[in-house]
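Undergrad: Need coordinates for the following:
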Amino acid sequence: MVYEVRTLTEKQLKEVMRLNLRCFSNGENYTKHTFNYLLSDSRTISYRVVTPENEMVGFVFVMMDDKGIGHITTIGIAPEHRRRGLAERLLAHCEEALRKRQISTVMLEVRVSNIAAQSLYRGLGYLVVQRIGKYYNNGEDCFLMMKSLFNG
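TA: Numbering: from 1, shown residues only. Predicted structure coming up:
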């Protein structure tokens with residue numbers, strides 16, 4: 001299947017909310033209010049992966065600060081479309097967009113139990129810089145991972 005990365009806008013709010021519920025079943029779903037905020041904030045970039053039928057099967061949101069840091073707040077791929085390189089494509093797309101905006105560092109949080117995601121991020125050059133206790137609603141810790149976007 002051929003997938004495309006496109007900008008995610010307020011027009012896709014309902015679709016991204018539905019996909020978010022399918023991606024995250026363990027209580028880390030964003031609310032409509034949070035998605036509205038992210039989609040309307042000028043410091044946030046967001047992208048979606050779509051099928052040839054224009055079905056959204058992945059999404060990512062990245063907030064940027066004025067210190068040159070991009071924060072991947074959420075990334076999700078529909079369960080039936082996982083293990084096809086879509087998260088890697090979304091992350092590469094985000095990293096390139098951040099570089100163009102002179103953002104030098106990107107960071108994210110990942111559950112300590114989410115070994116698959118940690119492996120993906122490590123493979124893309126992210127490093128664990130800190131363990132944060134009781135980060136998630138259920139009390140689980142997270143790893144803070146970071147990556148430099150400019151080498152040298």
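
Undergrad: Could you list the low-pLDDT ranges of the protein?
TA: For the chain, applying pLDDT under 70 flags the ranges 26-27, 152.

Undergrad: From the structure, what's the count of residues near Leu144?
TA: Look at Leu144: counted by other C-beta atoms under 10 Å, it has 16 neighbours. (Glycine included, C-beta is placed from N, CA and C.)

Undergrad: can I assume it sits in a helix?
TA: No: Leu144: not assigned to a helix; according to DSSP: H, G, I helix; E, B strand; the rest coil it is strand.

Undergrad: tell me the SS of the closest residue to it other than its chain neighbours?
TA: Residue nearest to Leu144 in three dimensions, not counting chain neighbours: Gln130, with 4.3 Å by C-beta to C-beta, 6 or more residues apart in numbering. Under three-state DSSP, the three-state class of Gln130 is strand.

Undergrad: In this model Phe143 seems to touch Gln130, though I could be wrong.
TA: Yes: with contact defined as C-beta atoms under 8 Å, Gln130 reaches Phe143; the gap is 7.3 Å.

Undergrad: more neighbours, these two?
TA: Phe143 (21 against 11).

Undergrad: Surely the more buried one is in contact with Leu108?
TA: No: here Phe143 lies out of contact with Leu108, judged by C-beta under 8 Å, at a distance of 9.1 Å.

Undergrad: Please, where are all the strands along this structure?
TA: 4-7, 44-50, 56-64, 69-77, 105-111, 127-132, 142-148 (DSSP state E).
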